[in-house]
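1. Return a 3D structure for these sequence lines:
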Amino acid sequence: MKRSIIAGLTAGVVALSLATPGFAEAIIYDQTADPVPFNADPNDDRLRPFIVDKDEYPFRSHWFERDGVATHYIDEGEGFPIVLTHGNPDWSFLNRNIIKDMSGEARVIAYDLPGFGFSETPEGFTWTPQEHAEWITALVNDHLGLEEFVLVVQDWGGPTGLSVATQNPDKIAGLIVSNTWAWAADGALAEFSAQMTTPQMQEKVIDENFLASALMSSAINPESAANPAITDAYAMAFPTPASRAGTYQIHTFWLIFCPIFLAS
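-> Next comes the predicted model:
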């Protein structure tokens, strides 16, 4: 089933990329910071880098500073901690409805990986799964000090989140694995990653924000795809070609670095 879904996605990406017109110049969004702080700490005047509809995403922001770089996360509800990962090219916004549904019964934590969502990008960051796993570990161990938690992994959250689980087995009270993998890319997954790393696709991803705009809109349900409050939340997280580097690089690491990382 998983392989057939990926095979269909590969064909869909090819068709969608061919149907999407090319642009003479790179697309750059006029990104405006949210003018009013919306943080859990009332003394924190940090601004979100772009505006998100607060009906869709009503949560107050939390921030974790590591080496002078701010990582954003949501921490809602009380009770047993549940940590939600996210994939590419999305961020904690993807988990908004899960947070709404579950935060009445548990403490739900959903982060934005460095370079995604509201999080900053560390200088010299190269988007490897090792680097992302280190940031997740620093958040849950050093910053939040979680003694035990349930981990939910999906997409890129699989190879990064599962590393956290294997390095901290005594802290993992439960593991929910959804739509991800923990092995070297082969078959349809390798074909998908190879397609995503061609020069033509690199241009679309970097210059046109293809992953977070056209592809993301085609992957969500039609009602959401017709709602600018939702589609803008995904696209505006990557306003410039430089900010989209991670969305492209991750597919390269699926093929090259993930087999080594997962084997370790």
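2. mind checking the end-to-end distance for stretch 227-245?
-> Using CA to CA, to the nearest Å, the end-to-end distance of stretch 227-245 comes to 26 Å.
3. in that stretch, what counts as buried?
-> Taking 16 or more other CB atoms under 10 Å as the neighbour-count basis, stretch 227-245 is seen to contain the buried residues 230-239, 241, 243-245. The C-beta positions use only the backbone N, C-alpha and C, and glycine is treated the same way.
4. Same check on stretch 202-215?
-> By neighbour count on 16+ other CB under 10 Å, the buried set for stretch 202-215 is 202-215.
5. hang on, the earlier thing: among the buried residues of stretch 227-245, find me the one that's closest to H143.
-> Of all the buried residues of stretch 227-245, A237 has the smallest distance to H143: 21.9 Å, by CB to CB.
6. Quick check: the closest one touching F50?
-> Yes - in terms of CB atoms under 8 Å, A237 counts as a neighbour of F50; the distance is 7.1 Å.
7. how about low-confidence regions in the stretch 51-200 of the chain?
-> Counting by pLDDT under 70, the stretch 51-200 of the chain has low-confidence residues at 183-185.
8. What segments of it are helices?
-> Remark: helices of the stretch 51-200 of the chain, listed N- to C-terminal, are 96-102, 129-137, 157-167, 187-196, 199-208; assignment by DSSP state H, counting those that start in this stretch.
9. Can you give me the buried ones in the fourth one?
-> Applying a neighbour-count criterion of 16+ other CB under 10 Å, the buried positions in helix 187-196 are A188, L189, E191, F192, S193, A194, Q195, M196.
10. thought the last one was touching V205?
-> Yes - under the contact definition of CB under 8 Å, M196 touches V205, with a separation of 7.3 Å.
11. How far does stretch 124-141 sit from its chain's centre?
-> Taking the mean of its C-alpha atoms, stretch 124-141 sits 13 Å from the chain's own mean (CA atoms, centre = their mean, to the nearest Å).
12. can you list contacts of it?
-> Residues from elsewhere that reach stretch 124-141 (CB atoms under 8 Å, 6 or more residues apart in numbering): 64, 66, 71, 73, 83, 85, 109, 111, 113-115, 146, 149, 156, 159-161, 163-164, 167-168, 171, 245-246, 249-250, 253, 257-258, 261.
13. residue contacts, the residue found closest to E105 once you drop the neighbours it is linked to in the chain?
-> The shortest distance from E105 to any residue other than its chain neighbours is 6.4 Å, reached at G79 (CB to CB, 6 or more residues apart in numbering). For G79, the residues meeting the contact criterion (CB under 8 Å, 6+ apart) are E105, A106, R107.
14. wait, which of the helices of the stretch 51-200 of the chain is closest to E223?
-> Closest approach to E223 among those (CB to CB): helix 96-102, 12.5 Å.
15. same for that closest one, what does it pack against?
-> In terms of contacts (3 or more CB pairs under 8 Å, 6 or more residues apart in numbering; DSSP states H and E), helix 96-102 is packed against strand 81-84, strand 107-111.
16. With only the CA atoms kept, save that helix in CSV.
-> Extracted in CSV, the C-alpha atoms of helix 96-102 (Å, rounded to 0.1, in the frame of the first residue of the first chain):
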residue,chain,number,x,y,z
ARG,A,96,-3.3,22.1,14.2
ASN,A,97,-6.5,20.0,14.3
ILE,A,98,-4.8,17.2,16.3
ILE,A,99,-3.7,19.8,18.8
LYS,A,100,-7.2,21.2,19.1
ASP,A,101,-8.7,17.7,19.5
MET,A,102,-6.2,16.3,21.9
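17. Contacts only, for the residue nearest to I82 when sequence neighbours are not counted.
-> Closest residue to I82 apart from its sequence neighbours, by CB to CB, 6+ apart: V150 at 4.6 Å. In this structure, V150 makes contact with F80, P81, I82, V83, I172, A173, G174, L175, I176, judged by CB under 8 Å, 6+ apart.
18. of the residues you listed, buried ones?
-> Members of those classed as buried by 16+ other CB under 10 Å are P81, I82, V83, I172.
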